[in-house]
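*Asks:* Prediction below, plus the sequence it came from.
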Amino acid sequence: MTQEQGGDEIRPSPSELLKRGYSEDEISHIYELGRLFLENGEVRRAEAIFQGLTEIAPEFPAGWLGLSYVGIQNKNLDDAIFAARQALRLDPEFNEALLYLVCCLLSIGDYTTAGTYLGELGEKIEGGAITHPNMIRFYKAQLMRYQNR
């Protein structure tokens, strides 16, 4: 699968989506609708959107990220972990998904795995591969959780 990654945008190749009858823009708009529901606190609606999105475009990592966030909000960490791992399976460099996975792993007490991933993320931040302030803040919050266990 080919993907473009710029900012928060991750897109599967056009041929993969056209097989299902959806354009890249349509998939992107569906994803943005799910994000809008999350921003407005409408977790159930967001869950329905992301669930549908992962059914019509299972190769779209951001859809799985949305489901991971929903799982965290619903305190269903098994689902959140599964969805984060799906996103990472599709895009191993999806740092936001890795941070969500770390958050879940810390919550279930898997400090060894979480610590390993925190180390990887820390190296990426130090190396300049992660520069978004929100990502760095989220990383620091998870690092503090890890250190204060």
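*Replies:* Perfect, I can see it now.

*Asks:* tell me the helices in the chain, going along the chain?
*Replies:* 14-18, 24-39, 43-56, 61-73, 77-90, 95-108, 111-126, 133-147 (DSSP state H).

*Asks:* and the ones you listed as CSV, adding mean neighbour count and mean pLDDT?
*Replies:* Bear in mind the C-beta positions are built from the backbone N, C-alpha and C, glycine included. What follows is the helices of the chain, written out as CSV (neighbours: other C-beta atoms under 10 Å; pLDDT from 0 to 100):
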stretch, mean neighbour count, mean pLDDT
helix 14-18, 14, 53
helix 24-39, 17, 95
helix 43-56, 18, 97
helix 61-73, 25, 97
helix 77-90, 20, 98
helix 95-108, 22, 98
helix 111-126, 15, 98
helix 133-147, 14, 98
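
*Asks:* Next one: Val102 from Val70, what distance?
*Replies:* Between Val102 and Val70 the distance is 17 Å, computed by C-beta to C-beta, to the nearest Å.

*Asks:* Pretty sure Leu99 sits against Gly122.
*Replies:* No. Applying C-beta atoms under 8 Å as the test, Leu99 and Gly122 come out as separate, 11.4 Å apart.

*Asks:* shared neighbours of these two, anything?
*Replies:* Here Leu99 and Gly122 share the contacting residues Tyr139, scored by C-beta atoms under 8 Å, 6 or more residues apart in numbering.
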